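>>> Return a 3D structure for these sequence lines:
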Amino acid sequence: MLKELFTTATLASIVFVFTFSSEIYGTPIEKRIVFPKGRGVVTYRGKLPKRYDYDAYILPAKKGRFIAVKLISADPDAYFAIYETKVLGPDEDTILANDHRSVQWTGQLPVNGEYSIQVYDAGENRIERGAYMIEITIS
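Sure thing, here's the model as predicted:
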């Protein structure tokens, strides 16, 4: 009887985690950016990822292009970082470090490559995740 109860409770716990964890914590986004023809601006909306995760917006870009990123959120713990993911090595790939906790940045890209703009939430683990809007401009 006790063994059956334990097995049932364990199975119920597993079902709960797999059924509701993405609703409670959210699933990180990995979105490939495609700029509409003739436009160099895209805007996305999302919910901040849980702590230690990030939403990634990935785009190919050429050396010398300028990129501007603006993150808008009512959550004061929201920020983003930028990395190059294909050409530069691990000690060189940081374009804008995540320890800067930036919400707005403009800069020139150093290489032809693929760039990942990563949105983070530095807040403590919480069930309520704040909304954000990110605007990415390339020129």
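
>>> in this protein, which spans are helices?
2-25 (DSSP state H).

>>> From the centroid of it, which residue is nearest?
Among the residues of the chain, the one closest to the centroid is D55, at 1.7 Å (Cα atoms, centre = their mean).

>>> Which strand residues bridge it?
Counting by DSSP bridges, D55 forms beta bridges with V119.

>>> residues in contact with it?
P28, I29, E30, K31, G46, L48, P49, Q118, V119 (Cβ atoms under 8 Å, 6 or more residues apart in numbering). Bear in mind the C-beta positions are built from the backbone N, C-alpha and C, glycine included.

>>> Now do A68 against I136, distance only.
Noted for A68: a distance of 8 Å to I136, by Cβ to Cβ, to the nearest Å.

>>> same deal with E128?
Per Cβ to Cβ, E128 is found 26 Å from I136.

>>> what's the neighbour count on I117?
Neighbourhood size, I117 [other Cβ atoms under 10 Å]: 25.

>>> you'd agree it is up against G46?
No - if you go by Cβ atoms under 8 Å, I117 and G46 don't touch, sitting 11.9 Å apart.

>>> Report the set of residues contacting both of the two.
Common contact partners of I117 and G46 (Cβ under 8 Å, 6+ apart): I134.

>>> nearest residue to L48 other than its sequence neighbours?
D121 (3.9 Å; Cβ to Cβ, 6 or more residues apart in numbering).

>>> Just the pLDDT for that neighbour.
You'll see D121 listed with a pLDDT of 91.

>>> Kindly report the same for L96.
Looking at L96, its pLDDT stands at 93.

>>> What of T8?
pLDDT at T8 comes out at 51.

>>> Stretch 56-70 spans what distance, first to last residue?
With Cα to Cα, to the nearest Å as the measure, stretch 56-70 spans 14 Å from end to end.

>>> Only the buried residues of it, if you could.
By 16 or more other Cβ atoms under 10 Å, the buried positions in stretch 56-70 come out as A56, Y57, I58, L59, A61, I67, V69, K70.
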